[in-house]
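1. one predicted model, sequence on top.
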Amino acid sequence: MKQWYQELFSNYAEKYESESFVQGTQGEVDFIEREIIEREIDYNKKIKILDIGCGTGRHAIELATRGYSVTGVDLSEAMLKKARENALNKGLKIDFIKADARNLPFEKEFDLTIMICEGAFPLMETDEMNFEILKNATKALKPGGKLIFTTLNGLYPLFHSVKDFINSSSTTQTNNDNTFNLMTFRDQYQLEVEDDNDQKLVLDCNERYYVPSEIKWLLQSLNFTKIDILACKLGEFSRNSPLTTEDYEMLVIAEL
């Protein structure tokens, strides 16, 4: 049985690229590049980057355009097909690989791993599966490597309605119910959306929200020594944006 994210992304690549939440790519990559420059004593763009949950390749392609070596992985062949087309149209050669983020084939190969816009984490149906994604993202890193990812901010639903946020911020998605569970920090709801063939889908979604202390503990258990958790602002990632209850997502930067 397919999970909701598998069903959604099996035929959603075209509409995905028109969503409001994917329009901040350049500013987000500006931030990622600043983080690369900060860690590189001899900055020469020779580092290797892994993009987990790369989708249609927007971050991977922008990084490759700037001269970086990037590998993109995703569970959806349809999204990867679009990513390959996008890269080809820009004359770029990028390895886009179909793989499950819970079981990646990489070990100590990359200087930087990114998971942006809920790329795989935290969409899994159990906390254990989400943790497997973090473990695999970490395993792929070389000693001293860096992990940058965004995830849902558990502080937000304590003060706001997730339903109202989703309904106000997207033109194609509707959350008809608000079922955020304070015991599990999971939001289980029905999502109505049209795929690339304009077929209506009704999906039973299950997303995990994390509070900053949980993320810090999980990363410390994976031997990250420096962990920064900030506000995630579309297209405007910044170390000068402290996380608040008004931020739907958080930006995490961790170093081994």
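-> Sure thing, it's come through.

2. my guess is residue 201 meets residue 7, correct?
-> Yes: between residue 201 and residue 7 there is a contact under Cβ atoms under 8 Å: 6.7 Å. In this view, the C-beta of every residue, glycine as well, is placed from N, C-alpha and C.

3. check which helix or strand covers residue 84.
-> Using DSSP states H and E, residue 84 maps to helix 77-89.

4. how far off centre is that helix?
-> Helix 77-89 sits 18 Å away from the centroid of its parent chain (Cα atoms, centre = their mean, to the nearest Å).

5. from the rest of the structure, what touches it?
-> 9-14, 16-17, 54-58, 60-61, 64, 72, 74, 93-94, 96-98 (Cβ atoms under 8 Å, 6 or more residues apart in numbering).

6. at 10 Å what do you get?
-> Residues from elsewhere that reach helix 77-89 (Cβ atoms under 10 Å, 6 or more residues apart in numbering): 9-14, 16-17, 51, 53-58, 60-61, 64-65, 70, 72-74, 76, 92-99, 195-196.

7. what subset of these is buried?
-> 9-13, 16-17, 51, 53-58, 60-61, 64, 70, 72-74, 76, 92, 94, 96, 99, 195 (16 or more other Cβ atoms under 10 Å).

8. show me those that map onto strands.
-> Assigned to strands by DSSP state E, the following of the buried ones among the contacts of helix 77-89 qualify: 51, 70, 72-74, 96.

9. nearest to residue 159 among these?
-> residue 51 (31.7 Å; Cβ to Cβ).

10. my read: the closest one touches residue 63, true?
-> Yes: contact status for residue 51 versus residue 63: in contact at 7.7 Å, counting by Cβ atoms under 10 Å.

11. shared neighbours of those two, which are they?
-> Common neighbours of residue 51 and residue 63 (criterion: Cβ under 10 Å, 6+ apart): 32, 57, 70, 72, 94, 112, 114.

12. hey, which helix is longest across this structure?
-> The single longest helix within the chain, with elements called by DSSP state H, is helix 25-39.

13. CA atoms only for that one, dumped as PDB, please.
-> The C-alpha trace of helix 25-39 is given here as PDB (Å, rounded to 0.1, in the frame of the first residue of the first chain):
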ATOM      1  CA  THR A  25      15.200  28.600  -4.300                       C
ATOM      2  CA  GLN A  26      17.800  31.200  -5.200                       C
ATOM      3  CA  GLY A  27      17.800  32.900  -1.800                       C
ATOM      4  CA  GLU A  28      17.900  29.500  -0.100                       C
ATOM      5  CA  VAL A  29      20.900  28.400  -2.100                       C
ATOM      6  CA  ASP A  30      22.600  31.800  -1.400                       C
ATOM      7  CA  PHE A  31      22.400  30.800   2.300                       C
ATOM      8  CA  ILE A  32      23.700  27.200   1.600                       C
ATOM      9  CA  GLU A  33      26.600  28.700  -0.300                       C
ATOM     10  CA  ARG A  34      27.500  31.000   2.600                       C
ATOM     11  CA  GLU A  35      27.500  28.000   4.900                       C
ATOM     12  CA  ILE A  36      29.800  26.200   2.400                       C
ATOM     13  CA  ILE A  37      32.200  29.200   2.300                       C
ATOM     14  CA  GLU A  38      32.200  29.500   6.100                       C
ATOM     15  CA  ARG A  39      33.500  25.900   6.500                       C
END
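
14. and the residue lying closest to residue 155 once chain neighbours are set aside, how close does it get to residue 237?
-> Setting aside the residues directly before and after it, residue 155 is nearest to residue 245 in space (Cβ to Cβ, 6 or more residues apart in numbering), at 4.7 Å. Applying Cβ to Cβ, to the nearest Å, the value for residue 245 to residue 237 is 19 Å.
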